[in-house]
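> how would this look folded up:
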Amino acid sequence: TALSHSEKYADDANEYRHVILPKDLAKTLPKSRLLTESEWRGIGVQQSRGWHHYAIHRPEPHILLFRRPLGTDPQSGRVDPELERKAREEYRSQYVRK
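Numbering: from 1, shown residues only. Got it, this is the predicted structure:
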């Protein structure tokens, strides 16, 4: 079974996505700590730079939760101030009541 990536979603500070692993693969992963980038890339998770595995959802450990700061340059993995400003403006225009 293949990995499944969610669409990205955001709040006013970060963008998020989750990756659903086949349950047999998830059983081989550490249960009590987050994965490093080399570990999650090593099991086949493919995504641009800057993403961090930030939480374990205990009821569904086969779902990896990732986040990165708004405005992260997908090539470098670093926050670009101009990209950050644009991402925050877009978030505000879509989600913040005026």
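> For the protein, which segments are assigned as helices?
Under the criterion DSSP state H, the chain carries helices at the ranges 23-26, 37-42, 81-95.
> I'd like to know which helix or strand in the protein has the lowest mean pLDDT.
helix 81-95 (a mean of 87; mean pLDDT, DSSP states H and E).
> Residues in contact with it: which ones?
10-12, 15, 69-73 (Cβ atoms under 8 Å, 6 or more residues apart in numbering). To be clear about C-beta, it is placed using only N, CA and C from the backbone, and glycine gets the same treatment.
> how about those in CSV, adding distance to residue 46, pLDDT and neighbour count?
Shown next, in CSV, are these (distance: Cβ to Cβ, whole Å; pLDDT from 0 to 100; neighbours: other Cβ atoms under 10 Å):
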residue, distance to residue 46, pLDDT, neighbour count
10, 21, 91, 17
11, 24, 89, 11
12, 27, 87, 11
15, 17, 95, 19
69, 20, 96, 15
70, 22, 94, 20
71, 22, 94, 18
72, 16, 95, 22
73, 17, 94, 15
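> Okay, and which of those map to strands?
If you go by DSSP state E, the contacts of helix 81-95 have 10, 15, 69 in strands.
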